[in-house]
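*Asks:* Got a sequence here, can you model it:
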Amino acid sequence: MAFVHARVQIAETAATIAAEGRFVETAVDAIKAARREVERQVRRDPFFLATLEPYTPDGAEPTVARMCDAAALAGVGPMAAVAGAVAQAGLEAMVAQGCTHGWVDNGGDVALVLDRPVTMEVFHEPGARTAFGLRLEPAGGMFGVCTSSGRLGHSISLGDADVAVAIADSAVLADALATAIGNRVRGRESLAACFDPFKGVPGMVGGLAMFDGEVAVHGRLPELVEVEHSPERLTAHSKMPAACYSCSSHPSQEVRP
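*Replies:* Numbers count the residues shown, from 1 in each chain. The predicted model follows:
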């Protein structure tokens, strides 16, 4: 069956599901289910939505509990991990149905399982014709690559990084870590120490932080390559009010968060 890139929009979630077409509905259902868990938690506990500090409510459902666990490791509020948690839920559902190569890109927070290499563009400079990319290799299982920025996007960041990237053994952890790393980038001089609190976090693979073109790295990073910027591959919300998705075939296996 053909490999497709399916664009999905469900309320605030805008995601690209990349896999064989037969797995797309499975991922969509899992994304909806994960969102419902988070929405129920927010309705009964508004503090969960607002806090910027680690917090674990009583009786948390699985998606919420994952967010809280990851947030505690990174030292951030649980909503810092929501995009990664939703992406992870979608990917896990596909893998349970037999998917061995695919990803769910939830607005730059990506859960992946690979059986061959792919290149991920890291978008960080509007208007640029080129960008840097990560040459990702199969990892023997699922993993996450997530981004945060103090200069782009709508997510909360307490720092001013061009971009902060975290790679971890799950997208929910990578999302929390990307936020935490980005929070610590406050000027060029902060790059040297921005990874210090996270060097012993179990499940973290590596990270990258950039400020005004200067870069700090930590851990195991994939090969960095220059790529042509492809704005049409960015996963961005078009403010559509209803849930929908559409599929289109792509000849290359490239991730473009």
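*Asks:* Mind listing the residues bridging to the nearest residue to Ser149 once chain neighbours are set aside?
*Replies:* Using Cβ to Cβ, 6 or more residues apart in numbering and skipping residues adjacent in sequence, the residue nearest Ser149 is Val163, 5.1 Å away. Bear in mind the C-beta positions are built from the backbone N, C-alpha and C, glycine included. The partner list for Val163 in beta bridges (DSSP bridges) reads Met210.
*Asks:* Ok, Ala19 next?
*Replies:* Under the criterion used here (DSSP bridges), Ala19 is bridged to Val4.
*Asks:* quick one: contacts for it?
*Replies:* 3-4, 27, 94, 99, 101-103 (Cβ atoms under 8 Å, 6 or more residues apart in numbering).
*Asks:* Quick check: Met94 is in a strand.
*Replies:* No - assigned with DSSP: H, G, I helix; E, B strand; the rest coil, Met94 falls outside any strand and is helix.
*Asks:* Apart from its neighbours in sequence, what residue is nearest it?
*Replies:* Nearest one to Met94, counting by Cβ to Cβ, 6+ apart, is Phe23 at 4.2 Å.
*Asks:* do the same with Val205
*Replies:* Nearest to Val205 is Ile167, by Cβ to Cβ, 6+ apart, at 4.2 Å.
*Asks:* next one: Met204
*Replies:* With Cβ to Cβ, 6+ apart as the criterion, Met204 has its nearest non-adjacent residue at 5.1 Å, and that residue is Ala168.
*Asks:* Would you check how far apart that neighbour and Phe48 are?
*Replies:* 22 Å (Cβ to Cβ, to the nearest Å).
*Asks:* So those two - more neighbours on which side?
*Replies:* Shown here are Ala168 and Phe48; by other Cβ atoms under 10 Å, Ala168 has more neighbours (29 against 21).
*Asks:* My read is that the residue nearest to Met94 contacts Thr100, right?
*Replies:* No - look at Phe23 against Thr100 with Cβ atoms under 8 Å: they stay out of range, at 10.2 Å.
*Asks:* Would you mind telling me which of those two has the busier surroundings?
*Replies:* Of the pair Phe23 and Thr100, Phe23 is the one with more neighbours under other Cβ under 10 Å, namely 24 against 13.
*Asks:* so what pLDDT did the more buried one get?
*Replies:* Per-residue confidence at Phe23 stands at 98 (pLDDT).
*Asks:* Repeat that for Asp160.
*Replies:* Note on Asp160: pLDDT of 81.
*Asks:* and it, what helix or strand is that in?
*Replies:* Under the criterion DSSP states H and E, no helix or strand holds Asp160.
*Asks:* re the thing from before, residue contacts, the residue nearest to Met204?
*Replies:* Going by Cβ under 8 Å, 6+ apart, Ala168 touches 143-144, 146, 174, 177, 203-205.
*Asks:* export those to JSON lines and tack on neighbour count?
*Replies:* Listed next are the contacts of Ala168 as JSON lines, based on neighbours: other Cβ atoms under 10 Å:
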{"residue": "Phe143", "neighbour count": "25"}
{"residue": "Gly144", "neighbour count": "31"}
{"residue": "Cys146", "neighbour count": "33"}
{"residue": "Ala174", "neighbour count": "32"}
{"residue": "Leu177", "neighbour count": "34"}
{"residue": "Gly203", "neighbour count": "15"}
{"residue": "Met204", "neighbour count": "23"}
{"residue": "Val205", "neighbour count": "20"}
